[in-house]
Structures are given as structure tokens and as C-alpha cells.
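# Okay, here's the prediction I keep looking at, along with the sequence it came from:
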Amino acid sequence: MADVPLIPALVEKFMACFKANDMKGLFSMYMVDCKIMKTGMDTAHGHEGLGKVVAGFHALGVTTVERKSEEVGPMGSDVMYERGTYTMKTEDGTLADTGKYIVIWKKVGSDWFQYIDIFNTNNA
């Protein structure tokens, strides 16, 4: 699929928006009806749910999320998956969490948006 190479640039944008606490930028990357599935909590729905998840990380001192895509592939003409690992750090660089994730991307028009974001910590 020709759009697969677009995902790394979108991941870079996601990381920059998180670091800048740019909620408007983060919201622009997710479908309005997105689902966020984080370890230990019920599914968060939509931009309101996304905002609560991100605010929770910032409240814990997490300022940086590093996502490393390990696999990206098509699931049809307007859906892609991304599988990888993540690292979360506090402002002073202290490791806050590591884990793995899967994102389901949906294409609307010519743009790709995160629709389902599933991530699980490696910490017990």
C-alpha cells in the first residue's frame, strides 16, 4: 500500500504533540470516535477520553512518549495497523514506563487518523 510510508511521520507528529502538551494537535490525529485501550482501565472513548488519558500521564510527570514502529501494514484500502513498542519518560529523563502497542489507523479522504489505540505496559 502506497500510504504505509506516511505512518512514521505521523508517529513523529504524535510524539511532538505529546511532549508539547498540544491537545489540539493530538486531537487532530485521532478520529472523533476513537477508542483508547490502556492497561488497567476501561476503554476511553472519543477526544474527551483521549484527553483524560493524556492528562493522567502528565499528572504522573510523564512528558515524553517515544513510539518505535516495528510493523505497519494494510488491512484494506482505508485501514492500516501499526505495531510497536513505547517508552515513557519524565522531564528529567527518568524512565516511567515501557510497553507495546497496536494502533488501527483509518483513512478519511486523503488523511490518516488513529482510530483504536491499544497499549500495554511491560511492568507488572
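Here it is on my side, so go on. Please read all numbers here as calculations on a predicted model, not as lab measurements. Residues are numbered from 1 along each chain as shown.
# which residues of this structure score low on pLDDT?
For the chain, the stretches with pLDDT under 70 are 1-2.
# Would you map the strands across it?
Assigned by DSSP state E, the chain shows strands spanning 30-38, 44-45, 62-74, 79-90, 95-108, 111-121.
# okay if I get those strands as JSON lines plus distance to residue 18 and mean neighbour count?
The C-beta positions use only the backbone N, C-alpha and C, and glycine is treated the same way. Rendered in JSON lines, the data for the strands of the chain read as follows (distance: least, CB to CB, whole Å; neighbours: other CB atoms under 10 Å):
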{"stretch": "strand 30-38", "distance to residue 18": "12", "mean neighbour count": "17"}
{"stretch": "strand 44-45", "distance to residue 18": "15", "mean neighbour count": "16"}
{"stretch": "strand 62-74", "distance to residue 18": "5", "mean neighbour count": "15"}
{"stretch": "strand 79-90", "distance to residue 18": "9", "mean neighbour count": "17"}
{"stretch": "strand 95-108", "distance to residue 18": "13", "mean neighbour count": "17"}
{"stretch": "strand 111-121", "distance to residue 18": "12", "mean neighbour count": "17"}
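# May I see these organised as JSON lines, with distance to residue 52 added?
Shown next, in JSON lines, are those (distance: least, CB to CB, whole Å):
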{"stretch": "strand 30-38", "distance to residue 52": "9"}
{"stretch": "strand 44-45", "distance to residue 52": "6"}
{"stretch": "strand 62-74", "distance to residue 52": "14"}
{"stretch": "strand 79-90", "distance to residue 52": "16"}
{"stretch": "strand 95-108", "distance to residue 52": "17"}
{"stretch": "strand 111-121", "distance to residue 52": "13"}
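# These: which one's closest to residue 10?
With respect to residue 10, and counting by CB to CB, the nearest of those is strand 111-121 at 6.2 Å.
# Can you spell out which helices and strands pack onto that closest one?
helix 6-19, strand 30-38, strand 79-90, strand 95-108 (3 or more CB pairs under 8 Å, 6 or more residues apart in numbering; DSSP states H and E).
# Tabulate those (a markdown table), appending distance to residue 124.
Putting these into a markdown table (distance: least, CB to CB, whole Å) gives the following:
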| stretch | distance to residue 124 |
| --- | --- |
| helix 6-19 | 25 |
| strand 30-38 | 16 |
| strand 79-90 | 16 |
| strand 95-108 | 12 |
